[in-house]
Structure formats: structure tokens, C-alpha cells
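**Student:** for reference, the sequence and a predicted model appear below.
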Amino acid sequence: MTTDAPARRALVVGASGIVGQTLAATLAADGWQTFGLSRSGRAPDGVTPVAADLGDPDGLVRALEGVDPQLVAITAWTRQDTEEENIRVNAGAVRHLLAALAPSGSVQHVALMTGLKHYLGPFEAYGTGEVPDTPFREEEPRLDHPNFYYAQEDELFAAAERDGFTWSVHRSHTVLGFATGNAMNLTLTVAAYAALCRELGLTFVFPGSQQQWDGLTDVTDADLLAEQIVWAATHDAGRDQAFNIANGDVFRWRTLWPRIADHFGVPWEGFEAEPRPLEVAMAGMEDAWRDLAEKHGLAEPDLGRVASWWHTDGDLGRTIECVTDMNKSRAAGFLGFRDTRESFFHHLERYREARIIP
């Protein structure tokens, strides 16, 4: 695929998610005819929505008729109660999607977004066993635990061999970005928490572990991830490769947390003795958010579409170091980066301008 090919067509799967929304908007702005697939049928402005269930093979065939994309980006997954079910549902989604697209013969490149559980293991065995040393590098062998990321990759590799397209895998860390209504959004969750603390006179308490408070970590800006996916699809060095994708810097939450508190004008506390999860602290806050939204004229009164307490608790509650190596991507020619401090506050301002937070 060349960047100057006429009528470039892209399909973003998971177009209502934090990465999918960003990637679909990026492709559309770059001149791609972009289709955004989601179960709800929601897609960013300038993107043609496609409503489909990845678990319904026949429905996918009908929904994707005539789409004929050159680039396919898979940014969606569905959390299940066990890893066995995660494998069945999420590997099946990749298989169903690529089978539905195969008859047209249009697909030239498929990008699959996964994450650091590739190195850390699934939720039910997270951080146990022989976890590789940090910074995590792409050449590390797979862990012994069953992992839906591995199963998704295997479906991708099998379809690529069958249908003759190239592929890339993008292993992100915690994603910072601009999106609403998705289930994994640390930036907006922390912003909603801070806004509620200010409104109710509460202290902005760090909810996570001592490791995350004191140790080094990194994150991934959704805009940067979108740039890497487009780069991999349009450059030879990006094809048939797995790449980590993180901002390229490291930080400590004990440094960033007070800056967030100062941004919102709230008193703060760091880690003390044990984690203090947001799921507990913010339980029953739906009415308080609804009142806050009405008072400030916010666009989204439903707290469940703004904050994902469980996901942020998981990210900030880790008891192991998570730092990502970016050298493979740099050596291949992708030199994008973000300053995490600027990234976080940039997205906060986007949420404020959109009247999502006060």
C-alpha cells in the first residue's frame, strides 16, 4: 500500500472506543474514506458508521458488504469473566471479522491493538510466574498462561497467510486520550474524580498501590498510537511486525498527582499504608454527578459513560513495575513521541472544551 494510492479505504473496528475514535478521526482527516464499526453504530464525525456484532458472523458479512477496505484496524475487545471466555469471544471476533472481509480481496494490511498483558499475563494470572524484566521488549517469548492476546495474534497470522495481507500488532500501555462512553479511560476517570472532589469538598486521594505511587511507569497517548498504526500500514518497515507503543518517557504518579490536584484546585493525599480504590470511594456518586452536570451545563449527566472506576483502579493498583521499550519502533523509522505531562493536560482541556468536565 502506498500513501498516495487513490480512494484509500479504511475500516476501524471498535470505533466507539478511546483508540478507535481517535484512529478513525485521524484517518478521515488524512483523506482516507473511513468506516467505523461498533456494536452501537456510533462513529466520529466524518466517519461512515457500521453497526455490527463481532460475535455474529452472518451479521458481519451483511454489514461489511461493499466496504472493501485496504486497511483494517482492530481496536476492540470484550471483557469476559474468565480468560477461557476472553479467548473464545475475542479470538472469535478477529476470526469472524477477517473471514467476512476475505471474499472481497481488498484487505492489504491489518493492524491489531493489544497491550502489556502480552508480557504480564491475563487478569486471572496477572504478574505471576516468569514475567520478563522491564523495560518490556517485543522479542520476549510468550508466557505459559493462556492469553486472549496470543489467541488474537494467532487468528491474525492465520488469516494473513490465507489471504495474503500484511499485519502489525501494537502493544499499548494505559491509553490517555479523548473519548466518551467507553469502558477504559483513565484521563476522564481521574478528571471526573477530581471534579467530584472539588464539588463535594473531598480530598483527591491517590487510589493505587505504593509501587505505582513511588515507581516509574509509562503510558500511551491515543493520538500517538493512531500515528503508529497508520505508519505501520503505509511503510514497509512496519509490516509483519509487533511493536510496543508508549509515549517514550517515564514518570512517577507522586509527581503527576499533585499537579492534577492543583489543576482542579483540590487538596490531595498520596499513597498511605494501602490502596484506597475508586470503586469504593465513588460508589453511589451517580446523583452527585448528575447534579454537577446540571449545575455546570455538562454534556453527559450519566457518570457511567464518563468514569470507569474499575479500570483506573486496575491501572493504578498494580504492584509490579510496567515500563515499555520503544527501540524496535524507533529503529524501524517511527519516531513519534509525547510528553506525558503535556499529553494528560492536553486531553483534560479537550474534555473541558467539549463540556464533559467542568
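**Tutor:** Looks like it came in fine. Numbers count the residues shown, from 1 in each chain.

**Student:** any idea how far Pro277 is from Asn185?
**Tutor:** Separation of Pro277 from Asn185 (CB to CB, to the nearest Å): 17 Å. (Glycine included, C-beta is placed from N, CA and C.)

**Student:** so these two - more neighbours on which side?
**Tutor:** Neighbour totals were compared for Pro277 and Asn185, and Asn185 leads with 29 against 18 (other CB atoms under 10 Å).

**Student:** so who does that one touch?
**Tutor:** 18, 177, 179, 307-308, 311 (CB atoms under 8 Å, 6 or more residues apart in numbering).

**Student:** report the two of these separated the most.
**Tutor:** Distance extremes for the contacts of Asn185: the farthest pair is Gly177 and Ala307 at 14.9 Å, using CB to CB.

**Student:** now the element after the helix or strand harbouring Asp291, going C-ward?
**Tutor:** For Asp291, the host element (DSSP states H and E) is helix 286-296. Using DSSP H and E, the helix or strand that follows helix 286-296 towards the C-terminus is helix 309-316.

**Student:** how distant is that next one from the center of its chain?
**Tutor:** Averaging C-alpha positions (CA atoms, centre = their mean, to the nearest Å) puts helix 309-316 13 Å from its chain's average.

**Student:** surely Phe204 meets Gly265?
**Tutor:** No: contact criterion CB atoms under 8 Å: Phe204 and Gly265 do not qualify, at 9.8 Å.

**Student:** what comes up buried for the strand or helix carrying Met113?
**Tutor:** Assigned by DSSP H and E, Met113 falls within strand 109-115. Neighbour counts over strand 109-115 (16 or more other CB atoms under 10 Å) mark 109-115 as buried.

**Student:** now tabulate these in a markdown table and tack on distance to Asp144.
**Tutor:** Below are these laid out as a markdown table (distance: CB to CB, whole Å):
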| residue | distance to Asp144 |
| --- | --- |
| His109 | 31 |
| Val110 | 27 |
| Ala111 | 27 |
| Leu112 | 22 |
| Met113 | 24 |
| Thr114 | 18 |
| Gly115 | 19 |
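
**Student:** between those, which is nearest Gly121?
**Tutor:** When the buried residues of strand 109-115 are compared for distance to Gly121 (CB to CB), Gly115 wins out at 11.6 Å.

**Student:** pretty sure Ala281 sits against Val205.
**Tutor:** Yes: look at Ala281 against Val205 with CB under 8 Å: they come within range, at 6.9 Å.

**Student:** with neighbour numbers in mind, choose between those two.
**Tutor:** Set Ala281 next to Val205 and count neighbours by other CB under 10 Å: Val205 wins out with 19 against 16.

**Student:** how much space between the more buried one and Tyr126?
**Tutor:** For Val205, the distance to Tyr126 - CB to CB - is 24 Å.

**Student:** repeat that for Leu112.
**Tutor:** 21 Å.

**Student:** and stretch 108-128, C-alpha only, in PDB?
**Tutor:** Output of stretch 108-128 as PDB, limited to C-alpha atoms (Å, rounded to 0.1, in the frame of the first residue of the first chain):
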ATOM      1  CA  GLN A 108      -3.900  -5.200   2.200                       C
ATOM      2  CA  HIS A 109      -2.900  -4.600   5.900                       C
ATOM      3  CA  VAL A 110      -4.500  -5.500   9.200                       C
ATOM      4  CA  ALA A 111      -3.400  -3.700  12.500                       C
ATOM      5  CA  LEU A 112      -4.300  -5.400  15.800                       C
ATOM      6  CA  MET A 113      -4.100  -3.400  19.000                       C
ATOM      7  CA  THR A 114      -3.200  -5.400  22.100                       C
ATOM      8  CA  GLY A 115      -1.400  -4.400  25.300                       C
ATOM      9  CA  LEU A 116       1.100  -5.100  28.100                       C
ATOM     10  CA  LYS A 117      -0.800  -8.200  29.300                       C
ATOM     11  CA  HIS A 118       1.200  -9.800  26.500                       C
ATOM     12  CA  TYR A 119       4.100  -9.600  28.900                       C
ATOM     13  CA  LEU A 120       2.200  -9.600  32.200                       C
ATOM     14  CA  GLY A 121      -0.400 -12.400  31.600                       C
ATOM     15  CA  PRO A 122      -4.200 -12.300  31.700                       C
ATOM     16  CA  PHE A 123      -6.200 -10.700  34.500                       C
ATOM     17  CA  GLU A 124      -6.600 -14.100  36.400                       C
ATOM     18  CA  ALA A 125      -2.800 -14.700  36.400                       C
ATOM     19  CA  TYR A 126      -1.600 -11.100  36.200                       C
ATOM     20  CA  GLY A 127       2.000 -10.600  37.100                       C
ATOM     21  CA  THR A 128       2.600 -14.200  38.200                       C
END
